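J.: this one's structure only:
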């Protein structure tokens, strides 16, 4: 079993989810929350809200991996920079406890949980609700997003130790992860993929 | 006297400087370093290098304020996002110790130390060397930049407690800081500005 803490970073609303994923791909929601602070607060205060929440949950839930959405700076907005700062604080909090971080693109997350890299938020929320057997959809969207990131990481490679951001851009596993091509698989990974195919 | 720790954020090279600034504007370099790690390392490792360095220096030097260059996402590059993540980690490290953070734009820093918001790196390094009475210019540029940020913060308002990012965008002092207009000054601030004019 893999316990993943996932973060949908943001200063105003930061989704944090803890999900247990078994080897048969079944997933169970352990806890989910949205923390944050209004833009009228200082940047130090806003980042420390996320820092403290991460510290508390890392101690409380002892996750194996952190998964975070990979950020792209598409617009010259303070929001993008604040989101990047928030993700940095979450990653550093995990690193202090030797918990490795996986970075996933939004389309990787969508593809993993819905089958389509261009799925909308409603589809992602619907699939997350179904995968976790929840009676009601997780709200707000930031909570559902964080859960989706956790599931996507575990399903797409976390259970094999693939998909972690080792930083080694040239490793076949990592290249595969970011180019969506098959990696040089270990025998265990080949067995797993075969099992996945049969399950579909 | 005000002790400022300033950070020129980056994952590969992160400049950290501690400067003491007296009420007569004289500045003394306490310590300066450049920390970082190669892009082949994981993001968790890279951010924790900065996290640990900040923690160590915050304990060792007990600064009054942190000053950081305000980031703008001008290009869609991983470097910009990494730099933002690094700045977030530095700010959160200070916030954990209740040290407030001031954010300064690059042009505010240049204007404060050289008199021109469009000064180049060489001018900034030359002025920093002169202000601190150093025998040789601080190297690399990231070290000089961090020192310039510290001096700029103290000179431009840090000594009055102005210029801190309280997040309250509507406060006259903060608006003034970012619009370069006079604030509603306290009597002490008026005296200071008069002294500054006489000195020029």
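T.: Nice, I can see it. Quantities reported herein were computed from a predicted structural model and do not represent experimental measurements.
J.: any chance you could map the strands in chain A?
T.: With strands called from DSSP state E, chain A shows them at A:2-8, A:14-21, A:27-35, A:65-69, A:101-104.
J.: quick one: which of those strands is nearest chain B?
T.: Among these, strand A:101-104 comes nearest to chain B, with 4.5 Å by CB to the nearest CB. Heads up, the C-betas are built off the backbone N, CA and C, glycines and all.
J.: Enumerate the helices of chain A by residue range, in sequence order.
T.: In chain A, the segments counted as helices under DSSP state H are A:43-61, A:78-96, A:106-114, A:121-131, A:141-156, A:172-179, A:187-199.
J.: which helices and strands sit right next to the first one?
T.: In other words, helix A:43-61. strand A:2-8, strand A:14-21, strand A:27-35, helix A:78-96, helix B:78-96, strand B:101-104 (3 or more CB pairs under 8 Å, 6 or more residues apart in numbering or on different chains; DSSP states H and E).
J.: Figure out which of those is closest to residue B:58.
T.: Residue B:58 lies closest, by CB to CB, to one member of the helices and strands packed on helix A:43-61: helix B:78-96, at 6.3 Å.
J.: rewinding a little: quick one: the strands of chain A as a markdown table, columns for mean pLDDT, distance to residue A:128 and mean neighbour count too.
T.: Output for those, formatted as a markdown table (pLDDT from 0 to 100; distance: least, CB to CB, whole Å; neighbours: other CB atoms under 10 Å in any protein chain shown):
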| stretch | mean pLDDT | distance to residue A:128 | mean neighbour count |
| --- | --- | --- | --- |
| strand A:2-8 | 96 | 11 | 26 |
| strand A:14-21 | 96 | 9 | 25 |
| strand A:27-35 | 96 | 9 | 18 |
| strand A:65-69 | 95 | 14 | 26 |
| strand A:101-104 | 94 | 14 | 26 |
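J.: Can you convert these into JSON lines and add a column each for distance to chain B?
T.: Below are these laid out as JSON lines (distance: least, CB to the nearest CB, whole Å):
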{"stretch": "strand A:2-8", "distance to chain B": "12"}
{"stretch": "strand A:14-21", "distance to chain B": "12"}
{"stretch": "strand A:27-35", "distance to chain B": "13"}
{"stretch": "strand A:65-69", "distance to chain B": "8"}
{"stretch": "strand A:101-104", "distance to chain B": "5"}
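J.: how about the closest residue to residue A:134 other than its chain neighbours, what does it touch?
T.: In space, and not counting its chain neighbours, residue A:134 is closest to residue A:29: 6.9 Å by CB to CB, 6 or more residues apart in numbering or on different chains. Neighbouring residues of residue A:29 by CB atoms under 8 Å, 6 or more residues apart in numbering or on different chains: A:17, A:18, A:19, A:132, A:134, A:138, A:147.
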